[in-house]
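Q: Show me how the following folds:
(one chain, ligands or ions: 1)
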Amino acid sequence: MRATSPPDEEMAESPTAKRKREEKDGENGTAASQGESAAGSFPLAEMSVRKVLRESARDKTIFLHGQVNSASGDGTDAVVILEKTPFQEDSIAELLKKHTQLQLQMSNDIYSTYHLYLPPELNGIKTTVVYPATEKHLQKYLRREVYLIQETGEDYKNITLPFIQSQSFSIQWVYNILEKKAEADRIVYENPDPADGFVLIPDLKWNQKQLDDLYLIAICHCRGIKSLRDLTAEHLPLLRNISQEGKEAIVKRFGIAGTRLRVYLHYQPSYYHLHVHFTALSYDAPGCSVERAHLLSDVISNLELDSWYYEKRPLAFALRADEPLLKKFQEAGRV
Ligand code: DD3
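A: Got it, this is the predicted structure:
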């Protein structure tokens with residue numbers, strides 16, 4: 001019995017069953033899940049690597065700045081993220097049976113190491129493409145020193161809010177999800193209420209092939225709630241819906257109980273449309289550190305105690321050395 005088995009096989013489809021079904025169904029990725037962009041046909045072979053933005057031996061990831069030469073000759077920037085994926089417990093038997101070669105590297109007493117070669121279908125690499133990428137995307141993935149900021153309520157009004165408003169962050173992809181123009185076939189759950197409803201969908205960081213790194217996001221239907229700072233007691237029904245219905249939907253689809261989930265908001269978020277992260281508690285998800293993650297249950301409790309809690313409270317967060325917001329805090333003499 002797999003530890004990750006859903007409690008009710010009739011209601012829940014395991015990631016393996018899903019993968020097998022998708023293999024049978026043929027191409028994964030319908031027009032709906034690709035939206036209107038041409039990302040489905042990214043010319044990886046024609047891309048030249050300009051720079052390695054970041055890499056991690058521990059995470060088995062590499063972030064590349066690439067350039068694709070257009071017909072006119074000027075290169076278009078791309079960010080390509082390559083990541084070796086976690087093992088799928090239930091494909092291990094297949095992996096052992098179907099390996100093409102077991103090449104001995106060293107042997108000593110009862111100890112030996114090998115390089116195991118696998119057929120392509122068992123050897124995939126998760127690939128995330130941002131194309132065309134802007135300078136902001138390139139900067140986002142460059143490894144830089146980070147600094148902790150203590151943002152008071154006043155700082156938010158005087159520094160952070162004007163900065164957010166001056167930026168033209170495109171969140172078209174968020175609206176595409178809410179309007180079913182992209183990823184519609186990936187929606188796990190929806191509460192369609194315009195004020196208190198949301199869409200629950202696997203985050204792009206999760207390939208859904210194993211539950212170990214489960215990662216979903218709840219995106220609220222209501223537009224204009226930028227972040228934690230905007231939340232008041234008025235939003236409690238929305239937040240309670242996200243907490244309760246989100247957990248229910250995840251146990252139903254993936255068999256992971258609410259007590260095995262970390263449900264939280266980011267401050268600062270990477271996009272200013274309210275969303276909540278659902279990650280497996282056993283997974284050390286990127287962005288779940290104390291200087292960024294605020295548990296949804298704490299957020300709800302704090303708003304129950306004081307409707308203006310997040311307007312007033314100093315909030316700490318880290319900023320990369322190159323981020324324009326850090327410069328704004330420096331100019332204001334706040335760091
Ligand atoms: C993003 C934060 C944003 C680069 C990258 C990711 N989940 C998304 C588009 C579609 C998505 C997400 C921005 C962008 Cl790699 C720049 O994330 C997304 N779809 N987090 C889902 N399901």
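Q: I'd like to know which residues of the stretch 1-150 of the chain are adjacent to the ligand.
A: Counting by Cβ under 6 Å from any ligand atom, the stretch 1-150 of the chain comes close to the ligand at 128, 130. (C-beta placed from N, C-alpha, C; glycine too.)
Q: Which stretches in the stretch 1-150 of the chain count as helices?
A: 15-25, 31-34, 92-98, 135-141 (DSSP state H, counting those that start in this stretch).
Q: Give me the secondary structure label for Glu304.
A: Three-state assignment for Glu304 (DSSP: H, G, I helix; E, B strand; the rest coil): helix.
Q: Could you do Ala218 as well?
A: Ala218 ends up strand, using three-state DSSP.
Q: ok, it - how many residues close by?
A: Residues lying near Ala218 (other Cβ atoms under 10 Å) number 29.
Q: The one 4 residues further on too?
A: Each residue near Cys222 was counted by other Cβ under 10 Å, and the total is 17.
Q: now do Pro86
A: 15.
Q: per-residue confidence for the residue nearest to Met106 when sequence neighbours are not counted?
A: Among residues not flanking Met106 along the chain, Thr113 sits closest, at 5.5 Å (Cβ to Cβ, 6 or more residues apart in numbering). Looking at Thr113, its pLDDT stands at 97.
Q: Pull the contacting residues for Thr113.
A: 104-106 (Cβ atoms under 8 Å, 6 or more residues apart in numbering).
Q: do stretch 291-308 and the ligand meet at all?
A: No - Stretch 291-308 stays clear of the ligand (Cβ under 6 Å from any ligand atom), getting no nearer than 13.7 Å.
Q: Could you give me the buried positions within that stretch?
A: 292-294, 296, 299-300, 302-303 (16 or more other Cβ atoms under 10 Å).
Q: Check stretch 114-132 too.
A: Buried-residue list, stretch 114-132, by 16+ other Cβ under 10 Å: 126, 129-131.
Q: Check stretch 171-185 too.
A: For stretch 171-185, by 16+ other Cβ under 10 Å, it's 173-174, 176-178, 182-184.
Q: and the ligand, which of those residues contact it?
A: 173, 183.
Q: Quick one: the buried residues of stretch 171-185 as TSV, columns for secondary structure and pLDDT too.
A: Listed next are those as TSV, based on DSSP: H, G, I helix; E, B strand; the rest coil; pLDDT from 0 to 100:
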residue	secondary structure	pLDDT
Trp173	helix	97
Val174	helix	98
Asn176	helix	98
Ile177	helix	98
Leu178	helix	98
Ala182	coil	98
Glu183	coil	98
Ala184	helix	98
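Q: that older thread, which of the buried residues of stretch 114-132 fall within strands?
A: Using DSSP state E, the members of the buried residues of stretch 114-132 that fall in strands are 126, 129-130.
Q: okay, the residues you listed in TSV with pLDDT next?
A: Output for those, formatted as TSV (pLDDT from 0 to 100):
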residue	pLDDT
Lys126	96
Val129	97
Val130	96
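Q: of these, closest to Phe42?
A: Nearest to Phe42 out of these is Val129 (Cβ to Cβ; 4.8 Å).
Q: For that closest one, which non-adjacent residue is spatially closest?
A: That would be Phe42: by Cβ to Cβ, 6+ apart, it lies 4.8 Å from Val129.
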